[in-house]
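Asks: Output the structure for:
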Amino acid sequence: MQCITYLANQADEAIVKGLKNADILHIATHGFFLGDAEKFDKDNADKFRENPLLRSGLLLKDAEKGMRGEILEGEDGVLTAQEAINLNLDDTELVVMSACETGLGEIKNGEGVYGLQRSFQQAGAKTILMSLWKVDDTATQEVMTLFYNNLVAGKTKRQAFDDAQETLYKKYKNPYFWGAFVMVGE
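Replies: Numbers count the residues shown, from 1 in each chain. Now for the predicted structure:
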């Protein structure tokens with residue numbers, strides 16, 4: 001399996017949007033979910049209320065400038081759940097969002113959660129690994145390292161993740177450290 005890495009200024013929105021069927025897509029950045037649209041953006045509250053997929057996303061290169069409204073060439077650096085739906089992930093086995101609150105979204109009765117999870121699944125990803133709250137950086141690095149070591153050792157995605165969490169549980173009894181990440185899908 002070939003590994004292509006984009007770090008810091010290379011990790012921009014256009015790169016992510018241009019990916020085609022990566023086996024594993026690991027995004028380590030900042031994630032967000034704006035629970036109350038009016039609280040965060042009174043000018044666009046109606047737009048955010050009507051489309052909850054605009055209220056969750058991942059911050060990539062130049063996101064700070066884009067959110068300030070500075071003029072940028074191309075993308076604004078914020079990959080919203082609405083944009084993630086259009087990614088080409090039909091043959092992607094796993095998307096890992098190593099970022100805070102990437103599993104959050106608006107709950108619609110009879111529809112489920114509208115957020116990044118739904119978007120990456122609709123884009124074709126078979127399995128999603130995401131977080132439910134603001135995560136501790138050290139614990140996140142540990143669980144991701146354990147998870148990938150288990151995966152490389154031949155364990156299934158589910159077993160690799162379960163074993164990583166169990167190892168972290170033995171070190172940190174508080175669920176804040178080991179329970180933030182959840183896996184959904186195959």
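
Asks: Without its sequence neighbours, what residue ends up closest to residue 176?
Replies: Excluding the flanking residues, the one nearest residue 176 by Cβ to Cβ, 6 or more residues apart in numbering is residue 136, at 7.0 Å. No exception for glycine: its C-beta is placed from N, CA and C like everyone else's.

Asks: can you give me the helices in the protein?
Replies: Here the chain has its helices, by DSSP state H, at 13-18, 37-40, 45-50, 63-67, 81-84, 116-122, 137-152, 157-171, 175-178.

Asks: For those, give me CSV that also has mean pLDDT and mean neighbour count.
Replies: Output for these, formatted as CSV (pLDDT from 0 to 100; neighbours: other Cβ atoms under 10 Å):
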stretch, mean pLDDT, mean neighbour count
helix 13-18, 92, 16
helix 37-40, 54, 14
helix 45-50, 62, 13
helix 63-67, 84, 15
helix 81-84, 95, 22
helix 116-122, 95, 24
helix 137-152, 96, 16
helix 157-171, 97, 16
helix 175-178, 93, 16
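
Asks: Out of those helices, the one nearest residue 185 is which?
Replies: helix 116-122 (6.8 Å; Cβ to Cβ).

Asks: CA atoms of that closest one as PDB?
Replies: Taking Å, rounded to 0.1, in the frame of the first residue of the first chain, the C-alpha atoms of helix 116-122 are listed here in PDB:
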ATOM      1  CA  LEU A 116     -19.300  14.600   8.800                       C
ATOM      2  CA  GLN A 117     -20.000  10.900   9.400                       C
ATOM      3  CA  ARG A 118     -23.000  10.900   7.100                       C
ATOM      4  CA  SER A 119     -21.200  12.900   4.400                       C
ATOM      5  CA  PHE A 120     -18.200  10.600   4.300                       C
ATOM      6  CA  GLN A 121     -20.400   7.500   4.200                       C
ATOM      7  CA  GLN A 122     -22.500   9.000   1.400                       C
END
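
Asks: just checking, what packs against that helix?
Replies: Contacts defined by 3 or more Cβ pairs under 8 Å, 6 or more residues apart in numbering; DSSP states H and E place helix 116-122 against strand 56-59, helix 81-84, strand 94-98, strand 105-108, strand 127-131, strand 181-185.

Asks: partners of the first one in the sheet?
Replies: I take that to be strand 56-59. Using DSSP bridges, the strands paired with strand 56-59 are strand 30-33 (antiparallel), strand 78-80 (antiparallel).

Asks: How about the fourth one?
Replies: For strand 105-108, the paired strands and their directions (DSSP bridges) are strand 112-115 (antiparallel).
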